[in-house]
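[1] Any chance you could fold what I've pasted below:
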Amino acid sequence: MKYFKRWGGLLFLAISLLGLSSWGFLVHKTVHQIAVYQLPAQMTPFFYGNINQLVYDAPRADTRRNTDSTEATKHFIDSEAYGPK
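    Below is the predicted model of the structure:
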């Protein structure tokens, strides 16, 4: 039993880590929803009123990246290009 627990735990950990290699659609939706809850009070009426649409559209960039070969290079923001020099 001890042998099974040890190897079973290691197998579970390995499979879990493989699943963390990509965000997936659910995580994109969750991050968008949590972001709306963290907005300043002045912005909340607009975003709360549209939260369902925002959450629904959250994974669209990944969907487009998977179907359009030219989208992969546009998928990430090069933040160094927009910050202070």
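[2] Which of the three states applies to the residue nearest the centre of the chain?
    The centroid of the chain falls nearest to residue 28 when counting by CA atoms, centre = their mean (3.1 Å). Here residue 28 is helix, with the state taken from DSSP: H, G, I helix; E, B strand; the rest coil.
[3] quick one: it from residue 84, how far?
    Distance, residue 28 to residue 84, by CB to CB, to the nearest Å: 29 Å. In this view, the C-beta of every residue, glycine as well, is placed from N, C-alpha and C.
[4] just for this structure, where's the confidence low?
    Applying pLDDT under 70 to the chain flags the ranges 1-23, 85.
[5] How many neighbouring residues does residue 79 have?
    Per other CB atoms under 10 Å, the neighbour tally for residue 79 reads 7.
[6] Please read the previous query as pertaining to residue 81.
    7.
[7] Please shift the residue numbers so they start at 50 in all later answers.
    That works, and once the first residue is 50, the last one we named lands at residue 130.
[8] any idea how far it lies from residue 119?
    Distance from residue 130 to residue 119, by CB to CB: 19 Å.
[9] how near is the residue nearest to residue 85 when sequence neighbours are not counted to residue 129?
    With CB to CB, 6 or more residues apart in numbering as the criterion, residue 85 has its nearest non-adjacent residue at 4.7 Å, and that residue is residue 96. Separation of residue 96 from residue 129 (CB to CB): 28 Å.
[10] Thank you, goodbye.
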